[in-house]
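Undergrad: give me a 3D structure for the following:
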Amino acid sequence: MKSLAFKTPLTDSENGVLKNKLSERIASNLKKSRNNKGMTQQEVAEKAGLHLTYLGHLEAGKYHPSTFVLWKIAKVLGVGLDNLTA
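TA: Numbers count the residues shown, from 1 in each chain. Next up is the predicted model:
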């Protein structure tokens, strides 16, 4: 089985770049999935038990959400986690 570990540790800068790229991808996919479902940010936030401002920040790529938060949003939108992170 092929190892998924990095051969050398990531620098803080490299780690930050990866986190930002993932946040941007999640932001884009979240907004697209929400619009495809015809839902407002308010509706998604309420059904997922999140604050509207927090969801807005996620869609702007400002926050790095936990897996649990992504799961709750995916469940509300009727999509898989991979739809939000791919």
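Undergrad: going by C-alpha atoms from here, please, whenever you check contacts or count neighbours.
TA: Fine.
Undergrad: distance of the residue most central in space within the chain from residue 9?
TA: Nearest to the mean C-alpha position of the chain, by CA atoms, centre = their mean, lies residue 26 at 3.6 Å. To residue 9, residue 26 is 24 Å away according to CA to CA, to the nearest Å.
Undergrad: next: residue 43.
TA: Distance, residue 43 to residue 9, by CA to CA: 41 Å.
Undergrad: in the helix or strand encompassing residue 58, which residues are buried?
TA: Following DSSP states H and E, one finds residue 58 within helix 52-59. Neighbour counts over helix 52-59 (16 or more other CA atoms under 10 Å) mark 52, 55-56, 58-59 as buried.
Undergrad: cool, and stretch 15-35?
TA: In stretch 15-35, the ones that count as buried by 16+ other CA under 10 Å are 20, 22-31, 33-34.
Undergrad: just the ones of the residues you listed in helices?
TA: 20, 22-31, 33-34 (DSSP state H).
Undergrad: can I get those in CSV with pLDDT and distance to residue 64?
TA: Formatted as CSV, these follow (pLDDT from 0 to 100; distance: CA to CA, whole Å):
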residue, pLDDT, distance to residue 64
20, 90, 8
22, 92, 8
23, 94, 6
24, 95, 9
25, 95, 11
26, 96, 9
27, 97, 10
28, 97, 13
29, 97, 14
30, 97, 13
31, 97, 15
33, 97, 18
34, 97, 18
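Undergrad: so for residue 43 and residue 9, which sits in the more crowded spot?
TA: Shown here are residue 43 and residue 9; by other CA atoms under 10 Å, residue 43 has more neighbours (15 against 9).
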